[in-house]
Each structure stands twice: as C-alpha cells, then as structure tokens.
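Enquirer: Sequence below, structure please.
(one chain, ligands or ions: 1)
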Amino acid sequence: MGRKFFVGGNWKMNGSKDEIKKIVDTLNAASLNDNTDIVVSPPACYLEYTKGLASQKIHTAGQNSYKVAKGAFTGDLSPQMLLDCGADWVILGHSERRNVFGEDDQLIAEKVSYALECGMSVIACIGEKLEEREAGKTEEVVFKQIEAIAAKVTNWDKVVVAYEPVWAIGTGKTATPQQAQEVHAQLRKWLKEKVSEAVANSTRIVYGGSVTGGNCRELAQSPDIDGFLVGGASLKPEFIEIINAKA
Ligand code: PGA
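Expert: Numbers count the residues shown, from 1 in each chain. So this is what the prediction gives:
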C-alpha cells in the first residue's frame, strides 16, 4: 500500500518577505525526511518568492483558485496563474473559505475539478463544526462534503483529502488521535464503497487542526492518518518536527 506521508504548511494570510526568508532558510537548513511530501502555502503574492528560496524538495501551493482560466473575476486567481508562479499544489475548500467567505460544496467541487484539469495537485479540505460534532453529525457532514468533491474527481492520484475539524483549527484544541483516526477510517471506508478500493487504499487523508511539534508524533501513528495540514505551527521551526513526525 505505502501511502507517502504528506505535510502541508498553510501560512494563511501571514508573512512578509523577511519572515518568509527566515522560515524557508530554516527549512532548507534542516534535515527533512525524504519519505515525506512537503508543501508550503504562502499568500499568492509570495508564491514565486517562496519557490525561488525553497530547496527542490519543498513544493508550493496556492491557498485558493477559481474555476475558470481568466476573465472578469476581480480579486481571484486561476490555477494557470498559480502554476505560472511555480505552485504545483492548491488548497481548496479550507474551512476559512467555507465559513468566512461563504464557499459552498458545489463551488468547491467545481474548483477542485478545474484545478485538476489544469494539472495541479489538490489538497481538498473538509471538516465539521463543533455544533455538528456535538449533535452527532460529524459523519453526515464530512460525507456530504466529500461526496460533492468526489462527484467531480475522475483521477484521485493528485488529490490529498484534509480532514480538518473546524473546532480544532487555530484553537489549540487538537482532535485526539482516536477522534481523528475514527473519522479518517470512516472517510477511507466511504472512498472504498463509493469510489473504489484502490482509491481508498492509495489516497492520502491528512489531519489538520492545531497540529504541533508536541502532538504530531502520536497522531502520525494512527494507521489512517497519512500526514498533516498545519497552520500556525507551519510558521515556526517546529514545522520541521512535524515534517519528520513519521521518521
Ligand atoms: P492550525 O490550522 O494548525 O493553525 O489549527 C490548520 C489549518 O487551518 O489548515
């Protein structure tokens, strides 16, 4: 089976050229596990700058992209533009896009489909809110989110699914390894039943939500956690420990 461990750093709307240089210099100088796919996602205006500084094993991702190539869509970016700036990955459906900017399942699925069509690799994010978990609706919510995405994906080779419970993002409240493993296992079962066994076995499902240098190793031991999408800690030197969590 052998799913390669995947660690993405989502810098969100943070960073400046000075700060990015410091972060990337630290990563470049570190010993990073060759068995981990590493992606950092700076704000789009710093993609080319980051790519120029980073060593070859560090890939870059946009934090969003629209569903068409170009046109009258003020403030938005296309996958072609991200590719042009050196990004081969894009994060889509992040909870902040869903909940702060009101993106729905349908739009996210269309964006995923278009980014894949353009040759990008996609980190497709899903996750339940606290009230949904407390109401016992976690599975219902994440299945509905992945179903919308799956309906538009024909080739899963370039898709990483990020399970990011909204209540764990930026809150310091990490899901326990058991809580995360339980949802990851359910998602893998869903992929097996609704897509195929091969896709279920090969698709990486990564966890996001207050992952730190302190909790990453325990989380990484769960059989269905294939890596992480990291926010706050990806701006700090502890990101190296997270990249090497499986070492
Ligand atoms: P966090 O963010 O690690 O700061 O909780 C994770 C994410 O939003 O991808």
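Enquirer: quick one: furthest residue from the center of the protein?
Expert: Using C-alpha atoms, centre = their mean, the residue of the chain lying farthest from its centre is Ala72. It sits 27.8 Å away.
Enquirer: buried set for stretch 146-159?
Expert: By 16 or more other C-beta atoms under 10 Å, the buried positions in stretch 146-159 come out as 146, 148-150, 152-153, 156, 159. Yep, even glycine has a C-beta here, placed from its N, CA and C like the rest.
Enquirer: Touching, Val24 and Lys51? I think so.
Expert: No - Val24 lies out of contact with Lys51 (C-beta atoms under 8 Å); the separation is 9.6 Å.
Enquirer: re the thing from before, out of the buried residues of stretch 146-159, the closest to Glu140 would be?
Expert: Closest approach between these and Glu140, by C-beta to C-beta: Ile146, at 11.4 Å.
Enquirer: need the contact list for the closest one.
Expert: Residues near Ile146 by C-beta atoms under 8 Å, 6 or more residues apart in numbering: 124, 126, 161, 187, 190-191.
Enquirer: which stretches of this structure have low pLDDT?
Expert: Along the chain, the parts satisfying pLDDT under 70 run over 1.
Enquirer: now could you export just the CA positions of the helix ranked longest in it as PDB?
Expert: Using DSSP state H, we find that the single longest helix of the chain is helix 177-194. Taking Å, rounded to 0.1, in the frame of the first residue of the first chain, the C-alpha atoms of helix 177-194 are listed here in PDB:
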ATOM      1  CA  PRO A 177      -5.500  10.600  17.800                       C
ATOM      2  CA  GLN A 178      -8.600   8.400  18.400                       C
ATOM      3  CA  GLN A 179     -11.100  11.100  17.300                       C
ATOM      4  CA  ALA A 180      -9.000  11.800  14.100                       C
ATOM      5  CA  GLN A 181      -8.400   8.100  13.400                       C
ATOM      6  CA  GLU A 182     -12.100   7.400  13.700                       C
ATOM      7  CA  VAL A 183     -13.100  10.000  11.100                       C
ATOM      8  CA  HIS A 184     -10.200   9.100   8.800                       C
ATOM      9  CA  ALA A 185     -11.200   5.400   8.900                       C
ATOM     10  CA  GLN A 186     -14.800   6.400   8.100                       C
ATOM     11  CA  LEU A 187     -13.600   8.500   5.200                       C
ATOM     12  CA  ARG A 188     -11.500   5.700   3.800                       C
ATOM     13  CA  LYS A 189     -14.400   3.300   4.100                       C
ATOM     14  CA  TRP A 190     -16.600   5.800   2.300                       C
ATOM     15  CA  LEU A 191     -14.000   6.000  -0.500                       C
ATOM     16  CA  LYS A 192     -13.900   2.200  -0.700                       C
ATOM     17  CA  GLU A 193     -17.700   2.000  -1.000                       C
ATOM     18  CA  LYS A 194     -18.400   5.000  -3.200                       C
END
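Enquirer: Kind regards, and thank you for your time.
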